[in-house]
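S.K.: I'd like to go over a predicted model; first the sequence, then the structure.
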Amino acid sequence: MNTEFAFQLPAPLTLPIHERHARVPVGDVWCVGRNYAAHAREMGSDPTREAPCFFAKARSGVLPGGGTLRYPAGTRELHHELELVVVLGRPLAGASEREAAAAVFGLAVGLDMTRRDLQAYAKERSWPWDVAKGGFPGSAPVGAVVPVQELPTRGALTLSVDGEVRQRGDLADLIWSIPELLARLSEVVTLGAGDLVFTGTPSGVGPVRPGQRMVGQIDGLPDLLVEVAAP
Ligand code: MN
C-alpha cells in the first residue's frame, strides 16, 4: 500500500560514488572539532586528548559533489575547513574501534563551512554552534565517495583558494584516529548507514568571498571544487 503524504519532500539527499553509477544515501551529519593540534592552537585551545568535541551539522547543507555555494546570510566571515569525511555503510552503537573501522563504506573530501563570526558569538555565550555550522545551503560540500577496505593513517590534505594553498595537513596528525573517533561517537549517539562524519580540519582556516574558487584535495580521493557565488 502506498503511503500518502501531506506534502512533498525534496528528493533524497545522495552523494556520488567515484567511478560508479550507484549513489550513497545521506543520513545524519556529525563533526568533530579540534582534531589537529595546530588548528586547536590557532583557535585558542590547548591540543590534548581530552574527550573529542562532537557536534552535528544540518544535513540540508550537504552540497553533493561540490559546485556552487551561495554566500550565506547572517555572516561577514564565512570560513573554509577542509576535512576528510567518513561515510558509514552500517549502523554503529557502542562500537569497538575494530567494529567502527569495519562499518566504514568510504571516504570523501569535505568542507565544514563555518560562519566564524556567529561561532565566536555563540562561544562567548556558551551557546550551541548549530547556526554557525549549518542551516544554510552549501554548508557541507562533499565530493565523490571512494569505497575503502582499509582506512588511511597518513595522506596529505590541501585546500587552495584561487590557486593559493591556505590549508595543508596530513592525516597522520589526527589527534583522534578514524576508528577512535567513530568508536567514541558511537558511545554517545546512534549512528546509521549513510551517516557522514567530518573528522576535523588542519590549520590554516580562513575566509572566502564571493567569486572565489576552492579546491580541496586529499591523497587518493577525487578533488572537491566549490565556487562561492554572490548572496
Ligand atoms: Mn570542522
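M.R.: Looks like it arrived, so ask away.
S.K.: only C-alpha atoms from now on, for both contacts and neighbour counts.
M.R.: Will do.
S.K.: contacting residues around D162?
M.R.: Residues in contact with D162 (Cα atoms under 8 Å, 6 or more residues apart in numbering) are 212-214.
S.K.: and what about the nearest residue to L159 once chain neighbours are set aside, helix, strand or coil?
M.R.: What sits nearest to L159 in space, not counting adjacent residues and going by Cα to Cα, 6 or more residues apart in numbering, is G216, at 4.5 Å. Each residue gets one of three states, and G216 gets strand by DSSP: H, G, I helix; E, B strand; the rest coil.
S.K.: and G216, what are its bridge partners?
M.R.: Legend: beta-bridge partners of G216 under DSSP bridges are L159, L224.
S.K.: right, and it touches E164 too?
M.R.: No - taking Cα atoms under 8 Å as the contact criterion, G216 and E164 are not neighbours in contact, 11.5 Å apart.
S.K.: okay, those two: which has more neighbours?
M.R.: Between G216 and E164, G216 has the larger neighbour count (other Cα atoms under 10 Å), namely 28 against 10.
S.K.: measure stretch 206-223 end to end?
M.R.: The first and last residues of stretch 206-223 sit 19 Å apart, counting by Cα to Cα, to the nearest Å.
S.K.: how far off centre is it?
M.R.: Shown here is stretch 206-223, whose average C-alpha point lies 13 Å from the average C-alpha point of the whole chain (Cα atoms, centre = their mean, to the nearest Å).
S.K.: what residues sit buried inside stretch 210-221?
M.R.: 213-218, 221 (16 or more other Cα atoms under 10 Å).
S.K.: list just the nearest of those residues to the ion.
M.R.: Nearest to the ion among the buried residues of stretch 210-221 is G216, at 13.8 Å by Cα to the ion.
S.K.: next up, the contacts around that closest one.
M.R.: Contact analysis of G216 by Cα under 8 Å, 6+ apart lists 82, 109-111, 157-160, 223-225.
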